[in-house]
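J.: give me a 3D structure for the following:
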Amino acid sequence: MLVREAMTSPVVTVPPSATVRQAIRVLYEHDITAAPVVDGTGAVIGIVSEMDLMRGEFQADPRAFVLPVAGPHEPPPRLVRDVMITDVRTAQPTSDVAELAQMMLRTAIKSVPVLDDGVLVGMISRRDLMAVLSRGDARIRDDVLASLAELLPKGHSWTAEVHDGVVRLNGPTDPGARHIAETLALTVPGVTRVLLQETN
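T.: The predicted model follows:
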């Protein structure tokens, strides 16, 4: 499956000149955990997450402590440009979701902007990947069979069983057709693995 089939679009963005509180409201109101930071030309210059925005925003409540609590020596950052991450990992619409998921797990990155020739076209997050994996087996089966019927000359002769995203395909023994069927099935959102079986 490709990133463009799982990403969220259009993208909610924030400018670097926004205040931290404005950015917090944007993330909260759109129920997202991070947003790309774009300049006046629309170019991605950073990314800001919930954790970036929350840093320094809360002061200790003296009622929770026996001794007086010293206040912060410096005020918290006020603008998005002060807290955003500038070393941004990005993906392309044609990137492989499996490869991207591995990168996100390896680096603990939760959200990745999607750029097409430098233009921001989407955002993909762990939540988007979870949404793909949450698709029901019956829907996955229907989508796999519809794809095979549409794109293979004998697509209607294939049968499929799906359990927890694993597709078991039964169909013609022709190696070329089997390879194409496996490839098509792997493009269906929610498919995690394809097992080919021969029709008796």
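J.: in terms of secondary structure, what does the longest helix seen in the chain contact?
T.: In the chain, taking DSSP state H as the definition, the longest helix is helix 137-151. The elements that helix 137-151 packs onto, with contact taken as 3 or more Cβ pairs under 8 Å, 6 or more residues apart in numbering; DSSP states H and E, are strand 159-163, strand 166-171, helix 175-186. Using the backbone N, CA and C atoms, a C-beta is placed for each residue, glycine as well.
J.: let's have the ones you listed in CSV, adding distance to Thr192, mean pLDDT and mean neighbour count.
T.: Formatted as CSV, the helices and strands packed on helix 137-151 follow (distance: least, Cβ to Cβ, whole Å; pLDDT from 0 to 100; neighbours: other Cβ atoms under 10 Å):
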stretch, distance to Thr192, mean pLDDT, mean neighbour count
strand 159-163, 10, 93, 17
strand 166-171, 6, 92, 19
helix 175-186, 9, 89, 16
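J.: right, and these - which one's nearest Gly40?
T.: Nearest of the helices and strands packed on helix 137-151 to Gly40, taken as Cβ to Cβ: helix 175-186 at 40.9 Å.
J.: beyond that closest one, next helix or strand please.
T.: strand 193-198 (DSSP states H and E).
J.: quickly run through the sheet partners of that following strand, with directions.
T.: strand 166-171 (parallel) (DSSP bridges).
J.: can you give the contact residues for the partner strand?
T.: Applying Cβ atoms under 8 Å, 6 or more residues apart in numbering, the contact partners of strand 166-171 are 140-141, 144, 148, 154, 157-162, 177-178, 181-182, 185, 188, 191-199.
J.: could you check the angle it makes with strand 159-163?
T.: 170 degrees (axes from the mean of the first three to the mean of the last three Cα atoms, to 10 degrees).
J.: burial check on Gly118, number of neighbours?
T.: 9 (other Cβ atoms under 10 Å).
J.: so it touches Ala43, yeah?
T.: Yes - in this structure Gly118 lies within contact range of Ala43 using Cβ atoms under 8 Å: 7.2 Å.
J.: okay, now His30: neighbour count?
T.: His30 - counted by other Cβ under 10 Å - has 11 other residues nearby.
J.: torsion angles phi and psi at it?
T.: For His30, the backbone dihedrals are phi -100, psi 0 (criterion: degrees, to the nearest 10).
J.: any idea how far the closest residue to it other than its chain neighbours lies from Ala35?
T.: Nearest non-adjacent residue to His30, counting by Cβ to Cβ, 6 or more residues apart in numbering: Val12, 4.8 Å away. Val12 sits 5 Å away from Ala35, going by Cβ to Cβ, to the nearest Å.
J.: mutual contacts of the two, please.
T.: With Cβ under 8 Å, 6+ apart, Val12 and Ala35 have common neighbours Val26, Leu27, Met123.
J.: my read is the first one is in a helix, agree?
T.: Yes - checked against DSSP: H, G, I helix; E, B strand; the rest coil, Val26 lies within a helix.
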